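*Asks:* Predicted model and sequence below, questions to follow.
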Protein chains: 2
Amino acid sequence: MTLRNAVMAALLEGESSGYDLAKGFNATVANFWTAPPQQLYKELDRMEADGLIAARLVRQERRPNKRMFSLTDAGRQALRDFTAQQPRPSAIRDELLVQVQSVDAGDVDAVRAAIAAHRQAAEEKLVRYERLRDRLLDGRDEHDYLRQAPRVGPYLTLARGLAFEQENIRWADLALAVLQQRSALVT
Amino acid sequence: MTLRNAVMAALLEGESSGYDLAKGFNATVANFWTAPPQQLYKELDRMEADGLIAARLVRQERRPNKRMFSLTDAGRQALRDFTAQQPRPSAIRDELLVQVQSVDAGDVDAVRAAIAAHRQAAEEKLVRYERLRDRLLDGRDEHDYLRQAPRVGPYLTLARGLAFEQENIRWADLALAVLQQRSALVT
DNA sequence: AGGCACATGTAAAAGGTTACATGATTGG
DNA sequence: CCAATCATGTAACCTTTTACATGTGCCT
């Protein structure tokens, strides 16, 4: 039920097509809520039926037509109501960590490769987040930005994403070092 | 489908009842995989039917009887196979961050309260993790531990959990400070 | 010629949450 | 005496994932 709220949060940035939302979920919301395209298209239909968002058909000549969605007043109100409720505890589903937990009874080399891939992905996300932050700050330092900006929500969630990915990288380095040392011992 | 693997990873620590697994999922696996009791009981039944785990009925006098589960050889092999596969990207579902993202169009005071509660929960988790780490290290420093311990998986996931909660606390402080300043401006 | 980006959709299957149900024991 | 802990289970419902389907335009 909260995919709805995540979509509305994303639409605060402005009108968007289902396709755009699907791709990285606006690149901002992606950090704390993920959804495959199919789920979004379905949910967007339902949200329109419920009056939370309004669709506008954009005819294109050299591309397929698309529907641009925007928040309605009812949608804004629903989002407001959502923020007033107590959020449910965050849920994490991390297969890599399940693998690491059982690495001593598992395929160490495969897990090491998976950690390395994870590190790489974190690095790429980090670069994107830093670029996004620079775009937001636009030359100002954090302090000035936070006093002047009309919205602080996106900055705060971005800050959480940045720290998370930095931590991922640091942790991956530790894990790789430990597992490598272990392999060396066995050899 | 990976709840199975998380359960098997938890059972590497030794025999456990459904109830014990349900409670904090062994307190170790809880960081990266969560599940309500009902899901566990259901899954445990299926896993037993599939031969991945074996159940042993323990009759108790002053308490309800319980079933203790342990990994079978087939279970160990399945866990091994799982570690050899590429893990799917981790999924996060964090309602609080959805609220923070839309805080500028939402109920600021409610969101602040939610962040404070989140900070509190992180603090408590951190204490538990630190206690667990101390129990694992048992007086040794990290370096010695990692050379001597028969298993490193649980330590590595614990390290990730520790860093995650520390980061949660740091971020909550930032977010609270920013939102408080904003409220002050409006007032 | 082949592959990616754009752009949406249907349907089935799997996975996860919530509500309801039971009942003894222990601790405050 | 009341609440929490121990210990499990069924059923209904909601959410999420996966597979399949379609078709143009652009770039190499």
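*Replies:* Thanks, I have it.

*Asks:* where's residue A:48 relative to chain B, distance?
*Replies:* Plainly put, residue A:48 is 19 Å away from chain B if you go by C-beta to the nearest C-beta, to the nearest Å. Yep, even glycine has a C-beta here, placed from its N, CA and C like the rest.

*Asks:* can you pull the contacts of that residue?
*Replies:* Residues touching residue A:48, when contacts are defined by C-beta atoms under 8 Å, 6 or more residues apart in numbering or on different chains, comprise A:54-55, A:69.

*Asks:* which bits of chain A sit near DNA strand D?
*Replies:* A:1-3, A:34-36, A:38-39, A:42, A:62-64 (C-beta under 7 Å from any atom of the strand).

*Asks:* Only the buried members of these: can you turn that into a PyMOL selection?
*Replies:* Restricted to the buried members of these, where burial is judged by 16 or more other C-beta atoms under 10 Å in any protein chain shown, the PyMOL selection command reads as follows:
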select buried, chain A and resi 2+3+34+35
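
*Asks:* follow-up on the earlier one: most surrounded residue in the contacts of residue A:48?
*Replies:* residue A:69 (25 neighbours; other C-beta atoms under 10 Å in any protein chain shown).

*Asks:* about what we covered before: can the contacts of residue A:48 go into CSV with extra columns for secondary structure and distance to residue B:118?
*Replies:* Shown next, in CSV, are these (DSSP: H, G, I helix; E, B strand; the rest coil; distance: C-beta to C-beta, whole Å):
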residue, secondary structure, distance to residue B:118
A:54, strand, 33
A:55, strand, 35
A:69, strand, 30
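
*Asks:* Report the residue spans of chain A with pLDDT below the cut-off.
*Replies:* Low-confidence segments of chain A, defined by pLDDT under 70, are located at A:26, A:186-187.

*Asks:* if you set the cut-off to 90 instead, what comes out?
*Replies:* A:1-2, A:23-31, A:34, A:58-65, A:89, A:91-92, A:147-148, A:181-187 (pLDDT under 90).

*Asks:* any idea where the helices of it begin and end?
*Replies:* A:3-11, A:18-22, A:37-49, A:73-84, A:95-101, A:108-137, A:142-148, A:153-186 (DSSP state H).

*Asks:* mind putting these in TSV, distance to residue B:164 included?
*Replies:* Formatted as TSV, those follow (distance: least, C-beta to C-beta, whole Å):
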stretch	distance to residue B:164
helix A:3-11	21
helix A:18-22	27
helix A:37-49	26
helix A:73-84	24
helix A:95-101	10
helix A:108-137	13
helix A:142-148	23
helix A:153-186	7
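
*Asks:* highest average neighbour count across those helices?
*Replies:* Comparing the helices of chain A by mean neighbour count (mean count of other C-beta atoms under 10 Å in any protein chain shown), helix A:95-101 comes out on top with a mean of 28.

*Asks:* which residues sit against that helix?
*Replies:* Under the criterion C-beta under 8 Å, 6+ apart, external residues in contact with helix A:95-101 comprise A:106, A:111, A:114-115, A:118, A:175, B:2, B:5-6, B:9, B:12, B:28-29, B:31-33, B:82-83, B:87-88, B:90, B:153-154, B:156-157, B:160.

*Asks:* How many neighbouring residues does residue A:139 have?
*Replies:* Summarising burial for residue A:139: neighbours were counted as other C-beta under 10 Å, giving 7.

*Asks:* And residue A:58, by the same measure?
*Replies:* Under the neighbour criterion other C-beta under 10 Å, residue A:58 is assigned a count of 12.

*Asks:* Correct me if wrong: it contacts residue A:68.
*Replies:* Yes. Under the criterion of C-beta atoms under 8 Å, residue A:58 is in contact with residue A:68, at a separation of 5.6 Å.
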